[in-house]
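K.L.:
Okay, here's the prediction I keep looking at, along with the sequence it came from:
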Amino acid sequence: MKAMSLELIQELEHTSPGSSYILTLDDIQYQRCKKLKTPYGKECPYFYGDYYRGRHFEECRLLDKSNRQTSWEPKLCLKCPVPDILQANACPNMVLSGHIKSFLGKKSVKVTAYCTKAHRMVKEPKIGCGLCHELPESLKDT
């Protein structure tokens, strides 16, 4: 794992010289993983499934680990907005975070986005913040 972390640091240093990075084991594993298809057929970089030699372990790596009371289930992938957001907007400056909301016994995934370039929350993640990629005049608020 040491060689992998050094390789990632060198790659990141090449893209933004002078910046410092603290890589955790989760960061390294996330960089290595491929986009897996969810049980409902959409590609999602946050979905992880381990089916090697009869195992059946699935998890969503986007959701807060601290939110243990409302656990993740594979059926949440059916209406999860993340694959659609990433298909519509692949901005490298947008960071997604998610949590599970429960209302009247029904669980759903709520996603928020933050732009690291504009340093603000993104109102509409499918469109973006408007600073990284200029919006057409017809979409701008007047």
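P.N.:
Yep, it's here.

K.L.:
Domain parsing of the chain, as residue ranges.
P.N.:
What automatic domain parsing lists as the domains of the chain is 1-32, 63-142.

K.L.:
Looking at the longest one now, give me its mean pLDDT.
P.N.:
Averaged across domain 63-142, the pLDDT comes to 84.

K.L.:
Looks like Trp72 contacts Cys60 (just checking).
P.N.:
Yes - when contacts are counted by C-beta atoms under 8 Å, Trp72 is listed as touching Cys60 (5.0 Å). In this view, the C-beta of every residue, glycine as well, is placed from N, C-alpha and C.

K.L.:
How about Val111, nearest residue that isn't a chain neighbour?
P.N.:
Leaving aside its sequence neighbours, Val111 sits nearest to Gly98 (C-beta to C-beta, 6 or more residues apart in numbering; 4.6 Å).

K.L.:
neighbours around the one you found, how many?
P.N.:
Applying other C-beta atoms under 10 Å, we find 22 other residues in the vicinity of Gly98.
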